[in-house]
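the sequence and its predicted three-dimensional model are supplied below.
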Amino acid sequence: MAFWTYMLHCADRSFYVGHTDDLERRIAEHESGIFVGYTHSRRPVALVWSEYFQTRLEALEAEHRIKGWTRAKKLALIRGDWGAISVLARNRTEEK
């Protein structure tokens, strides 16, 4: 079975990160407002990034990791800018 970690860009310019085993269905659920949660009052939403994983655990771990990232790092992920992600990760570590 396939699992996905995904990121949505919300109408209020925030990002939502989640995981699912059916990406198309889950995005449709977010867009329709079926779930009363973070994205419900922030529609419309747009899928800006997703990645496939072999197991739910891998997808969940990626979700939790990305949720802790800064906006700049999330934007770098959306762009696929691995160099910026690396620099931003080092800068975050040095701040602590």
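Nice, thanks for sending it over.

only C-alpha atoms from now on, for both contacts and neighbour counts.
Fine.

helices or strands up against the helix or strand of the chain with the lowest mean pLDDT?
Sorted by mean pLDDT, DSSP states H and E, the helices and strands of the chain end with helix 82-95, the least confident at a mean of 81. Contact partners of helix 82-95 among helices and strands, from 3 or more Cα pairs under 8 Å, 6 or more residues apart in numbering; DSSP states H and E: helix 71-79.

put the alpha carbons of the helix it packs on into PDB.
Output for helix 71-79, consisting of C-alpha atoms alone and laid out as PDB, is shown next (Å, rounded to 0.1, in the frame of the first residue of the first chain):
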ATOM      1  CA  ARG A  71       8.000  28.800   6.600                       C
ATOM      2  CA  ALA A  72      11.200  29.400   4.700                       C
ATOM      3  CA  LYS A  73      12.200  25.800   4.900                       C
ATOM      4  CA  LYS A  74       8.700  24.700   3.800                       C
ATOM      5  CA  LEU A  75       8.900  27.100   0.800                       C
ATOM      6  CA  ALA A  76      12.300  25.600  -0.100                       C
ATOM      7  CA  LEU A  77      10.800  22.100   0.000                       C
ATOM      8  CA  ILE A  78       8.000  23.200  -2.300                       C
ATOM      9  CA  ARG A  79      10.600  24.600  -4.700                       C
END
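
just want the angle from it to helix 82-95.
Counting by axes from the mean of the first three to the mean of the last three Cα atoms, to 10 degrees, helix 71-79 points 160 degrees away from the direction of helix 82-95.
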